[in-house]
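A.B. asks: The sequence and its predicted three-dimensional model are supplied below.
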Amino acid sequence: MTNPVSKRANVGIWIIQVLGAAAFILSGVMKTMMPIADLAAMMPWAGEFSVEFVRFIGVVDLAGGFGLLLPSLTRIAPRLTVIAAACCVLLQILAIGFHASRGELSVLPTNAVYITLALIVLWGRGRKAPITPRS
């Protein structure tokens with residue numbers, strides 16, 4: 001990456017990766033650590049499903065968040081970042097279907113932001129500015 005456009009693109013993708021990872025990790029921490037009653041006050045669905053299900057979704061969010069960042073950051077199997085981004089897109093598509101089926105349309109813009117961040121990472125690390133694995 002010697003030309004300035006590629007360097008700018010790389011920096012931009014890093015920023016998106018950090019933002020996406022932070023969003024998924026924050027969501028995961030909330031779903032895995034907060035008391036269900038407190039979480040249900042913010043996310044009504046959480047009070048209507050088993051604690052185990054809510055915690056599982058939190059772990060999935062955490063895995064997605066760390067997957068968006070750590071493989072690229074450590075340069076250990078950075079292709080996993082691309083796979084994590086694709087999985088995050090799928091997760092958010094499923095979340096949109098879930099929330100839409102429950103009439104929770106107010107959360108769909110948040111899901112759209114998460115999808116957008118993950119798609120940029122998917123494109124950026126898959127095509128535009130892939131990370132070279134550690135040798």
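C.D. replies: All right, it came through fine.

A.B. asks: Output the below-cut-off pLDDT ranges for the chain.
C.D. replies: Within the chain, the segments meeting pLDDT under 70 span 1-5.

A.B. asks: elements contacting the helix ranked longest in it?
C.D. replies: Scanning the chain for the helix with the most residues, using DSSP state H, yields helix 4-33. Other helices and strands packing on helix 4-33, by 3 or more CB pairs under 8 Å, 6 or more residues apart in numbering; DSSP states H and E, are helix 36-42, helix 51-74, helix 79-101, helix 108-123. The way it works is simple: take the backbone N, C-alpha and C, and place the C-beta from them, glycine included.

A.B. asks: Tell me how far the last one lies from the chain's centre.
C.D. replies: Okay, so that is helix 108-123. 8 Å (CA atoms, centre = their mean, to the nearest Å).

A.B. asks: now the third one
C.D. replies: The chain centroid and the centroid of helix 79-101 are separated by 8 Å, computed with CA atoms, centre = their mean.

A.B. asks: which parts of stretch 48-68 are buried?
C.D. replies: In terms of neighbour count (16 or more other CB atoms under 10 Å), stretch 48-68 has its buried residues at 54-55, 57-58, 60-68.

A.B. asks: Mind listing residues that contact that stretch?
C.D. replies: Applying CB atoms under 8 Å, 6 or more residues apart in numbering, the external contacts of stretch 48-68 come out as 17, 20-33, 36, 39-40, 46, 80-81, 83-85, 87-88, 91, 118, 121.

A.B. asks: Kindly recompute the last result at 6 Å.
C.D. replies: For stretch 48-68, contacts defined as CB atoms under 6 Å, 6 or more residues apart in numbering pick out 17, 20-21, 24-25, 27-28, 31-32, 36, 46, 84, 88, 121.
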